[in-house]
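> output the structure for:
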Amino acid sequence: MKTIKSFLLVAVIAVSSVLSASTNPDEATTKKAEAAVVTQEVGKLLQNPTFLVDHDMYANVTITINKNNELVVLSVDSDDKIIEGFIKGRLNYHALPKALKNKERTFIVPVKIEAELF
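Numbers count the residues shown, from 1 in each chain. Predicted coordinates for the structure are as follows:
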């Protein structure tokens, strides 16, 4: 009886270690890399605004990627209508330089446009 219990214990430990080892750490790394690509591209596209920035402006931009690998702005959470139009105009339907694996993802990117010092 003691040997059966020992055998069952070993079997349970073996199965649990196999199950815990079967997680996919590459998926988390891929998601972080994709978020970094989107954040960098948004940063590049929003440089040099075409309007005078006399105070710091903040917004949270919700973005998704369409099947053509283009940015699609879903919403801009900001009190300033000027920054909302600027962000939508610069980002909407701009193609990403690198194709993403998971195209059905939504990204929330915080944006800060700093005041210009003269």
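> what's the pLDDT at N66?
With respect to pLDDT, N66 scores 88.
> same check, this time on V38
Looking at V38, its pLDDT is 86.
> in a strand, it, correct?
No: assigned with DSSP: H, G, I helix; E, B strand; the rest coil, V38 falls outside any strand and is helix.
> what number of residues lie near it?
If you count neighbours by other C-beta atoms under 10 Å, V38 ends up with 20. Every residue, glycine included, has its C-beta placed from N, CA and C.
> does it touch V109 like I think?
Yes: applying C-beta atoms under 8 Å, one finds V38 in contact with V109, separated by 6.8 Å.
> I'd assumed I83 was in a helix, is it?
Yes: secondary structure of I83 (three-state DSSP): part of a helix.
> who's in contact with it?
Residues in contact with I83 (C-beta atoms under 8 Å, 6 or more residues apart in numbering) are 57, 59, 76, 111, 113.
> can you tell me the closest non-neighbouring residue to the third one?
This points to V76. Closest residue in space to V76, ignoring its immediate chain neighbours: E84 at 4.4 Å, by C-beta to C-beta, 6 or more residues apart in numbering.
> on that earlier part again, including secondary structure and neighbour count, could the contacts of I83 go into CSV?
Formatted as CSV, the contacts of I83 follow (DSSP: H, G, I helix; E, B strand; the rest coil; neighbours: other C-beta atoms under 10 Å):
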residue, secondary structure, neighbour count
M57, strand, 20
A59, strand, 20
V76, strand, 20
V111, strand, 20
I113, strand, 21
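> need those residues in CSV with pLDDT, can you?
CSV is the format used below for those (pLDDT from 0 to 100):
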residue, pLDDT
M57, 87
A59, 91
V76, 94
V111, 90
I113, 86
